[in-house]
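Participant: Could you look at this predicted model? Sequence included:
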Amino acid sequence: MITLAVDCMGGDFGIKVTLPACRAFLQRQSDARLLLVGQPDALKQFSHQRVRVVAASQVVTMDDSVEVALRKKKDSSLRVAVEQVKSGQADVAVSAGNTGALMAVARYLLKTLDGIERPAIATQLPNVTGGATTVLDLGANVDCTAEHLLQFAVMGSALVSVLENDPHPTVGLLNVGEEAIKGSAEIKRAGELLRAAAASGDLNFCGNVEGNDIFKGTAHIVVCDGFVGNVALKTTEGLAAMIGTFMKEEFSRNLLTKLAAVVAYPVLKALKRRTDHRRYNGAALLGLRGLVFKSHGSADAFAFEQALSRAYDAARNQLLERVRDRVARAAPLLAPKAPAAGDVAAGVIVHAAA
């Protein structure tokens, strides 16, 4: 049995979304059980033989700061859900709550794997091949070093090997052009590290990719800093919303546009489904010593169920162990390099000038 600890109180809608999603999930997965974490009075309506309620008296709101989540709400449903993973009561935790709070709490309680400095948020974005491109980081780290991007590539490879059953997924580095000479100094250095990892057989690096390659499916995995990744994620969600709005508007205009819309409807419906970000809901927090999945805060019941399914698949296919193994094999590459004497001197000079 795979056990999921579910933060039932988190997100924009709380139990109005999480409980229907949990019920639908249990109907689909006969070898899963749920720990419903939250206020008992709110959860007493849910009865199932594969469900147990875990009490939590507090709720981390979407506006709470990281400090509040860590220090003042130690009995929040978000924190208690992660604690179930730490104690071994659950294989994975799922929450639609405050992203910053979830990352901070998960990192504080579970700690990071050896060789990983910063956890990353990874999820899939739809592409034109009918599949999806895994992108990381999606917002946990807005400023990243070349070493961080290498770590993301290693962890992303482990994730895709689980999701797609592909032992050698391709990795692309998001840049302003395909040429190795393009990009910032940090991106160029990340490219050097990724090429070295490819030469040693630790990664299947296919080179630089551009923003449109995410949706072309040029690489299975695209690594970038969290600022850029979050923009890409929100752009995808906006595209899906735009298509839905367009379909509604065309059916409400004059007779001619209504007839044209009827003819185009099957194509538009297929496009809307392919770009529907709800189908890809559920981002893994990679690099921790335990499995945690983040659902979109505004997810509906269908989307939250998808997040539960992704978390279930990750636990069933031993994502944590695969990430740990990949990181261990790549340890020589991930180890921090001691700066040369000249670099130290330059750093001192720059610091003194500042």
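Facilitator: Yep, it's here.

Participant: What separation is there between the residue lying closest to residue 116 once chain neighbours are set aside and residue 71?
Facilitator: Closest residue to residue 116 apart from its sequence neighbours, by Cβ to Cβ, 6 or more residues apart in numbering: residue 287 at 4.0 Å. Every C-beta, even on glycine, is put in place using the N, C-alpha and C of the backbone. Distance, residue 287 to residue 71, using Cβ to Cβ, to the nearest Å: 23 Å.

Participant: The two: who's more crowded?
Facilitator: residue 287 (29 against 9; other Cβ atoms under 10 Å).

Participant: List the residues that contact the more buried one.
Facilitator: Listed by Cβ atoms under 8 Å, 6 or more residues apart in numbering, the contact set of residue 287 reads 112-113, 116, 118-120, 151, 155, 323.

Participant: before we move on, the earlier item: quick one: pLDDT of the residue nearest to residue 116?
Facilitator: Looking at residue 287, its pLDDT is 94.

Participant: just use 8 as the starting number from now, easier for me
Facilitator: Sure, I'll start counting at 8 from here, so that last one is residue 294.

Participant: Next one: it from residue 166, what distance?
Facilitator: Taking Cβ to Cβ, one finds residue 294 at 11 Å from residue 166.

Participant: intersection of neighbour lists for those two?
Facilitator: With Cβ under 8 Å, 6+ apart, residue 294 and residue 166 have common neighbours residue 330.

Participant: Mind listing residues that contact stretch 47-56?
Facilitator: For stretch 47-56, using Cβ under 8 Å, 6+ apart, the contacting residues are 15-16, 21-22, 26, 29-30, 33, 41, 43, 60, 62.

Participant: Also stretch 122-129?
Facilitator: 106, 110, 113-114, 119, 141-148, 151, 154-155, 158-159, 162-163, 166, 233, 236, 290-295, 301, 334-335, 337-338, 341-342.

Participant: Please indicate which of the residues you listed are buried?
Facilitator: 106, 110, 113-114, 119, 141-148, 151, 154-155, 158-159, 162-163, 166, 233, 236, 290-295, 301, 334, 337, 341 (16 or more other Cβ atoms under 10 Å).

Participant: Quick one: list the elements packing against the helix or strand hosting residue 41.
Facilitator: Using DSSP states H and E, residue 41 falls within strand 39-45. Packing partners of strand 39-45 (3 or more Cβ pairs under 8 Å, 6 or more residues apart in numbering; DSSP states H and E): strand 9-14, helix 22-35, strand 58-62, helix 84-93.

Participant: for it, what is the average pLDDT?
Facilitator: Strand 39-45 comes out at a mean pLDDT of 98.

Participant: Then stretch 203-214?
Facilitator: Rounded mean pLDDT across stretch 203-214 is 91.

Participant: how far does that stretch stretch from start to finish?
Facilitator: The straight-line separation of the ends of stretch 203-214 (Cα to Cα, to the nearest Å) is 12 Å.

Participant: For it, buried residues please.
Facilitator: Buried residues in stretch 203-214 (16+ other Cβ under 10 Å): 204-205, 209-214.

Participant: Keep only those of the residues you listed that are in helices.
Facilitator: Applying DSSP state H to the buried residues of stretch 203-214, the entries found in helices are 204-205.

Participant: Closest one to residue 188 out of the buried residues of stretch 203-214, please.
Facilitator: Set against residue 188, the nearest of those by Cβ to Cβ is residue 214 (12.1 Å).

Participant: is it true that the closest one touches residue 187?
Facilitator: Yes - contact criterion Cβ atoms under 8 Å: residue 214 and residue 187 qualify, at 7.4 Å.

Participant: okay, and the common contacts of these two?
Facilitator: Shared contacts of residue 214 and residue 187, counting by Cβ under 8 Å, 6+ apart, come down to residue 198.

Participant: Please, where are all the helices along the protein?
Facilitator: Under DSSP H, the chain gives helices at 22-35, 47-50, 73-74, 84-93, 106-117, 153-170, 192-206, 218-223, 233-257, 262-281, 308-323, 326-336, 338-341, 348-360.

Participant: Give me the buried stretch members for the second one, please.
Facilitator: In other words, helix 47-50. 49-50.

Participant: Pull that helix out as CSV, backbone CA atoms only.
Facilitator: Coordinates of each C-alpha in helix 47-50 appear next as CSV, following Å, rounded to 0.1, in the frame of the first residue of the first chain:
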residue,chain,number,x,y,z
PRO,A,47,-11.1,17.0,12.7
ASP,A,48,-14.5,18.8,12.7
ALA,A,49,-14.0,19.7,9.0
LEU,A,50,-12.9,16.1,8.0
